[in-house]
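> Got a predicted structure here, sequence first:
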Amino acid sequence: MEGKDNSAAKHKNEEVTIEEGISNIRISTPLEINPYVWHETITVIDLSGQNIVTLDDKMVLPTNLMHLNLSHNKLVEVPDVILMLPKLIILNLSHNAIDYFDHCPEFCHTLEHLDMSYNQLAGPPYWIWSEAPQKLVQLNLSNNSNITKSFVNGYFEEILQYNTLVQKVDIQNCSLGKFTNLIASFSKAKSLCLGAEDYSGTANFLIEVPCQGLDKCCDLISLKVCNTNIYSISPRIEMYKNLVEINLAQNDLCGIPNEFCNLENLEICILSYNKILYLPDEIYKMRKLRQLYLDSNKICMLPDTLKKLLSLITLDLYDNNLNEVPNYENLEEIDFALNYSEEPTDNLYLDKKEKLRMLHENRHNGRKPMIIKADNDCSEGSSCLEEDDDELYEIFYNGKKVDSPNVTPPSSPEDWDSDDYWVPGHLNPLPPAPSSWLCFVKQKMKEGNLCPMDAHPISIAEKLKYQRLINPPVFYESDGQFDDYSSDNA
């Protein structure tokens, strides 16, 4: 800490001693002077990790202070002496126990960076929305799991009336849940972080991207939504025309829509740890794509158009189901280990793999082991269906187990030249195995626990019966095709 006088100070025969920083202050007489001698030219003060519970109101901080770090303390509220700083630019209050920060400070329109992460906020700092600080660029409210606690009695709707001017926002692990519309108040944001790579029980569950609120942030350049329980990417994803980096790792994605390929300015795409089976053929439209991370998915085939990405320098295919090695001559980094095809062993590939793995530890080498099912000891004339398939057949076909047909020739192979050997046997092909879902529905209907018609408050049959009663069919009396109504004079 710059300018802090840690020696004994004497004034008018009254001694003030400061030991071990601000957390341990021992004053021998009633406080009549400021125990801190701050020089007016001091602009940076670091009081982090001092177990500070509060700051005395009589403390006078330098008026020219621009950077104050009070992180990793025990503050439960923002001290008034901090609120009165007129020129503060950077304020770090992370890792405390602050629950509210609603009073507008003197530095409202000079502050550029505010870090309130890892606190116990019961609501977002109200003045950021109501006063719209002109210079606030970066806001970190992450890891405040109770931040939506105050969104009752119309307070949430009041917050949504304002738009902030913040450009870089981090609100990961805030349990937004049904309050994702809060994201809409950051419509000017260029960088938005809604998820962390480390799992947390307070993650923001978004289900779909873009979700409600996120669809209002159309100017994003960087979007991080990893580990937010996303199941699908909406075709509206193409609205982010300026997006350069996106992180969708550690979600439940099974596919990528074609509209995703309309992000023509995208340079970094992270899709690791999902369940993706394929990539769209239109991926060639992403001509600026430089880094593509697809590790730990279920991709079994790459589109031929991937080779048209001339800007691509990093391709991570570790742990997938690929059977063919892509061309990697023009790549700078690649990892093809743990696939069903043999991993290349040439020096060119190994150098590129080593370069990519500098940031990825604990990865294996070689080919993915094949999953071989145990033999069922199928003898001639016996069924070779697996036990699970047998159960499905029994459930779906009314408890009647369907055996495989006997396709054994009527005579032994030694008699292959006899006429009887070539007589075709009668073959009844097995019906296709039903899906497990259909079997589940049929089983539950049989048990009386599930009936699709019972899912309606009024069954469909009753509705049809009622419609027929109130709208009876109209019967028209036919005069007959050959009745002659012409007169004798006709």
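Yep, that arrived. Residues are numbered from 1 along each chain as shown.

> Other residues contacting stretch 325-332?
Stretch 325-332 is touched from outside by 302, 306-307, 310, 312-315, 317, 334, 336, 341-344, 348-349, 352, 355, with contacts defined as CB atoms under 8 Å, 6 or more residues apart in numbering. In short, each C-beta sits where N, CA and C put it, glycine included.

> Return the set of buried residues in that stretch.
Neighbour-count burial for stretch 325-332 flags 325, 328, 331 (criterion: 16 or more other CB atoms under 10 Å).

> Columns pLDDT on top of these, output as JSON lines?
Formatted as JSON lines, these follow (pLDDT from 0 to 100):
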{"residue": "325", "pLDDT": "94"}
{"residue": "328", "pLDDT": "93"}
{"residue": "331", "pLDDT": "96"}
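
> got those residues as a markdown table, with secondary structure columns?
Listed next are these as a markdown table, based on DSSP: H, G, I helix; E, B strand; the rest coil:
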| residue | secondary structure |
| --- | --- |
| 325 | coil |
| 328 | coil |
| 331 | coil |
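
> Save these as a markdown table, and put in distance to residue 146 too.
Output for those, formatted as a markdown table (distance: CB to CB, whole Å):
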| residue | distance to residue 146 |
| --- | --- |
| 325 | 50 |
| 328 | 48 |
| 331 | 46 |
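
> from the residues you listed, which is closest to residue 158?
Nearest to residue 158 among these is residue 331, at 51.8 Å by CB to CB.

> Do you have the helices of the stretch 101-250 of the chain handy? List them.
126-130, 155-159 (DSSP state H, counting those that start in this stretch).

> Residues contacting stretch 159-166, please?
124, 126, 128-130, 132-134, 136-139, 151, 181-182, 184-189.

> Kindly recompute the last result at 6 Å.
For stretch 159-166, contacts defined as CB atoms under 6 Å, 6 or more residues apart in numbering pick out 128-129, 132, 136, 139, 185-188.

> could you flag which of those residues are buried?
128-129, 136, 139, 185-186.

> returning to what we had before: so which of the contacts of stretch 159-166 is the closest to residue 83?
Using CB to CB, residue 128 comes nearest to residue 83 of those, at 14.0 Å.

> how many neighbours does the nearest residue to the closest one once chain neighbours are set aside have?
Residue nearest to residue 128 in three dimensions, not counting chain neighbours: residue 164, with 5.9 Å by CB to CB, 6 or more residues apart in numbering. Residues near residue 164, counting by other CB atoms under 10 Å, number 20.

> pLDDT below threshold where in the stretch 51-200 of the chain?
Scanning the stretch 51-200 of the chain for pLDDT under 70 picks out 199-200.

> Can you show me the strands along it?
67-69, 90-92, 113-115, 138-140, 168-170, 191-193 (DSSP state E, counting those that start in this stretch).

> Residue 72 versus residue 117, what's the distance?
To residue 72, residue 117 is 11 Å away according to CB to CB, to the nearest Å.

> Name the residue in those two with the higher neighbour count.
Neighbours were tallied for residue 117 and for residue 72 using other CB under 10 Å; the higher tally belongs to residue 117 (23 against 16).

> which ones are touching that one?
Residue 117 is in contact with 94, 140, 142-143, counting by CB under 6 Å, 6+ apart.
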